[in-house]
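Visitor: sequence plus predicted model, see below.
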Amino acid sequence: MPKTILIAEDDADIRALLRLYLESEGFAVREAADGKTALDIALRESPDAALLDVMMPGMDGFQLTRALRRTSDIPVLILSAKSQDNDKILGLNLGADDYIAKPFNPMEVVARLKAQLRRAGGGPRTLLTVGDLTLDTAAMQLTQNGRPVPLTPTEYKILAQLMAAPGRIFTKVQLYEGIAGEYFESNDNTMMVHISKLREKIGDDPKNPRYIITIRGLGYKIEP
């Protein structure tokens with residue numbers, strides 16, 4: 001069965017362009033011209049991923065991302081003409097997995113989407129344990145002292161890399177390429193936001209972390 005991608009974009013020309021490229025890669029596409037319609041489709045049809053514009057009538061892309069994250073952990077990619085760092089950080093903090101500035105290359109959008117879907121796929125059941133953290137890589141579920149900790153797909157992928165090799169230092173480039181493929185200079189802040197959100201969810205004080213350690217000038221590691 002082809003994977004279904006939800007496109008929420010009020011510009012009909014952009015929707016048509018994205019549909020053309022996605023369908024040429026074998027995806028099924030559902031479209032919405034506003035956030036409320038997109039949310040209805042997502043709740044009713046459970047798409048495999050979503051491409052969201054920010055500036056939409058009724059419910060914007062940020063509000064839609066927040067609403068989706070209440071019920072779904074599908075990959076969410078924001079496509080926006082708002083390319084300032086604070087807009088990117090807001091989108092990522094709300095649960096988006098990637099943020100692509102307009103104008104964009106549709107081939108890059110499809111490549112990033114495929115990378116997110118590939119890394120969201122399941123595999124053999126493996127339990128990774130570090131301290132009181134346990135990550136079920138088949139169920140894509142983190143627990144801390146037995147308590148479920150909700151993660152976005154991107155947060156899960158970062159933590160899985162770290163927990164699979166406790167003590168190993170990963171550069172930002174290695175971590176980013178492990179979740180989204182090709183690394184771009186503008187993705188540096190993106191990685192820092194994801195790490196910050198992960199620390200917040202596992203109660204890791206950034207000034208005195210127990211788990212995710214920043215190695216200045218190199219990257220990150222998780223303490224065994």
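Guide: Structure's in. What do you need? Numbers count the residues shown, from 1 in each chain.
Visitor: any stretches of this protein with poor pLDDT?
Guide: Scanning the chain for pLDDT under 70 picks out the ranges 1, 83, 120-126, 138, 179-188.
Visitor: and the strands in it, which stretches?
Guide: Here the chain has its strands, by DSSP state E, at 4-8, 28-32, 49-53, 76-80, 98-101, 127-130, 133-136, 141-144, 147-149, 170-171, 212-215, 219-222.
Visitor: partner strands of the third one and their direction?
Guide: Meaning strand 49-53. Strand 49-53 has its sheet partners listed here by DSSP bridges as strand 4-8 (parallel), strand 76-80 (parallel).
Visitor: these two touch, right, Asp204 and Ile213?
Guide: No. Counting by CB atoms under 8 Å, Asp204 sits too far from Ile213 to count as a contact (9.3 Å). Where C-beta positions appear, they are placed from N, C-alpha and C, glycine not excepted.
Visitor: these two: which is more packed in?
Guide: Neighbour comparison, Asp204 and Ile213: the larger count goes to Asp204, with 18 against 15 (by other CB atoms under 10 Å).
Visitor: for the more buried one, which non-adjacent residue is closest in space?
Guide: Tyr211 (5.0 Å; CB to CB, 6 or more residues apart in numbering).
Visitor: what bridges to Ala32?
Guide: Beta-bridge partners, per DSSP bridges, of Ala32: Ala8.
Visitor: can you get me a residue count around it?
Guide: Count around Ala32 with other CB under 10 Å applied: 23.
Visitor: and Val54, by the same measure?
Guide: Residues near Val54, counting by other CB under 10 Å, number 23.
Visitor: grab the nearest non-local neighbour of the residue sitting nearest the centre point of the chain.
Guide: By CA atoms, centre = their mean, the mean C-alpha position of the chain lies nearest to Asp97, the distance being 1.8 Å. Spatially, and ignoring its direct neighbours in sequence, Asp97 is nearest to Thr154 (4.1 Å; CB to CB, 6+ apart).
Visitor: I'd say the one you found and Asp98 touch.
Guide: Yes. Using CB under 8 Å, Thr154 makes contact with Asp98 at a distance of 7.4 Å.
Visitor: neighbour count: those two, which is higher?
Guide: The neighbour count for Thr154 versus Asp98, taken as other CB under 10 Å, is higher for Thr154 (28 against 25).
Visitor: could you check how far the more buried one is from Met55?
Guide: Thr154 sits 23 Å away from Met55, going by CB to CB, to the nearest Å.
Visitor: Arg66 too?
Guide: From Arg66 to Met55 the distance is 16 Å (CB to CB).
Visitor: equivalent analysis for Arg70, please.
Guide: According to CB to CB, Arg70 stands 22 Å off from Met55.
Visitor: same question for Met192.
Guide: On the measure of CB to CB, Met192 and Met55 end up 25 Å apart.
Visitor: cool, and Ser196?
Guide: 26 Å.
Visitor: circling back: could you dump the strands paired with strand 49-53 into TSV with distance to Pro103 and mean neighbour count added?
Guide: TSV is the format used below for the strands paired with strand 49-53 (distance: least, CB to CB, whole Å; neighbours: other CB atoms under 10 Å):
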stretch	distance to Pro103	mean neighbour count
strand 4-8	16	25
strand 76-80	10	25
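Visitor: rebuild the ones you listed as CSV, extending it with distance to Phe27.
Guide: Rendered in CSV, the data for the strands paired with strand 49-53 read as follows (distance: least, CB to CB, whole Å):
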stretch, distance to Phe27
strand 4-8, 5
strand 76-80, 13
